[in-house]
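J.: Test case, fold it:
(one chain, ligands or ions: 1)
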Amino acid sequence: MVDFVIPPPSVAAVPVAGGGAFPVRRVYCVGRNYAEHAREMGSDPDREPPFFFMKPADALVIDGADMPYPPQSNSLHHEMELVVALSEGGVDIQEADALRHVWGYAAGLDMTRRDLQNAAKKEGKPWDMGKAFDASAPIGLMVPAAKIGHPSRGLIELKVNGQVRQTSDLSKMIWDIPETIAYLSRLVRLAPGDLIFTGTPEGVAAVERGDLLEGVVAGVGTVRTRIV
Ligand code: MN
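T.: Alright, predicted model coming up:
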């Protein structure tokens, strides 16, 4: 038994629909994984391999909880995404074998301080403070693949104050879920408890304090948060 000199931090977890909770180790995110979003961000989606960034596990905001508007930004953007949760890890995972590492799925929001991210991009600096800030990852209830299967098509949509802001289809991902897991597992050792935010479709835009964000991924679930 380790004699911790301060109380150890608690384990981040996402409640599972129907009971229990999924413990979270790391949160990976895929950048520019829908062609129309890549274009709206000024990139050419046809020539780019997948790339990744991370958020801390304690940045998760559990479904229904408020998200505080973050400091040092005047441009907080929503990015509606499908989230994959791994129950098995490894390195060099083969695409054909990838889905067997998946425990389940959730709807999530990769909230972004776009002004800080854009400044970082321009100066060739890290994205962390644009992406990995406190409360930057609202997420809905987790659902097991054993119950819903592995979604590869279907609506992904975000409403802000009841108005549709983002609407697309999971089939429009450039790198699908098996390809994403396989690619990421060649860069890092994946492990049980890892989440992967799989990228956002077009329509990203700013939100303000008081806005209500309601996202849905067909066959998976919803995510809901109010910016305060
Ligand atoms: Mn994103």
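J.: Could you report the neighbour count for V83?
T.: By the measure other C-beta atoms under 10 Å, the count of residues near V83 is 28. Glycine gets a C-beta too; all of them are placed from N, C-alpha and C.
J.: And it, which helix or strand is it part of?
T.: Following DSSP states H and E, one finds V83 within strand 80-86.
J.: so G221 sits right up against V143, yeah?
T.: Yes. Using C-beta atoms under 8 Å, G221 is in contact with V143, at 5.7 Å.
J.: Overlap of the contact sets of those two?
T.: A17, Y105, A106 (C-beta atoms under 8 Å, 6 or more residues apart in numbering).
J.: Tell me which of the residues you listed fall in helices.
T.: Using DSSP state H, no member of these falls within helices.
J.: Looking at these, spot the one nearest A98.
T.: Y105 (13.7 Å; C-beta to C-beta).
J.: Assess the claim that that closest one and V220 are in contact.
T.: Yes. At 4.8 Å, Y105 counts as touching V220 under the criterion of C-beta under 8 Å.
J.: These two - which one has more neighbours?
T.: Between Y105 and V220, counted using other C-beta under 10 Å, Y105 has the larger neighbour count: 27 against 24.
J.: Between Y105 and V220, which contacts overlap?
T.: L82, V143, I148, P151.
J.: Just checking: what are the partner strands of the strand holding V83?
T.: Partners of strand 80-86 in the sheet, by DSSP bridges, are strand 102-109 (antiparallel), strand 195-197 (antiparallel).
J.: got JSON lines for those strands, with mean pLDDT and distance to the ion too?
T.: Formatted as JSON lines, the strands paired with strand 80-86 follow (pLDDT from 0 to 100; distance: least, C-beta to the ion, whole Å):
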{"stretch": "strand 102-109", "mean pLDDT": "98", "distance to the ion": "9"}
{"stretch": "strand 195-197", "mean pLDDT": "98", "distance to the ion": "6"}
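J.: quick one: contacts for the residue nearest to L86 when sequence neighbours are not counted?
T.: By the measure of C-beta to C-beta, 6 or more residues apart in numbering, the closest residue to L86 outside its immediate chain neighbours is D194, 4.6 Å from it. By C-beta under 8 Å, 6+ apart, the contact set of D194 is V24, R25, R26, V27, Y28, A85, L86, G89.
J.: 7 Å instead, please
T.: The contact partners of D194, by C-beta atoms under 7 Å, 6 or more residues apart in numbering, come to R25, R26, Y28, L86, G89.
J.: How about M129?
T.: Counting by C-beta under 7 Å, 6+ apart, M129 makes contact with L116.
J.: And for W175?
T.: With contacts defined as C-beta under 7 Å, 6+ apart, W175 is in contact with V30, N33, P50, Y183.
J.: please redo it, this time with the cut-off set to 10 Å
T.: V30, R32, N33, E48, P49, P50, I181, A182, Y183, L184, T198, G199 (C-beta atoms under 10 Å, 6 or more residues apart in numbering).
J.: so it is in which element?
T.: Per DSSP H and E, there is no helix or strand for W175.
J.: Quick check: the gap between it and V84.
T.: 12 Å (C-beta to C-beta, to the nearest Å).
J.: Could you do V14 as well?
T.: Taking C-beta to C-beta, one finds V14 at 12 Å from V84.
J.: same check, this time on F51
T.: Taken as C-beta to C-beta, the span from F51 to V84 is 17 Å.
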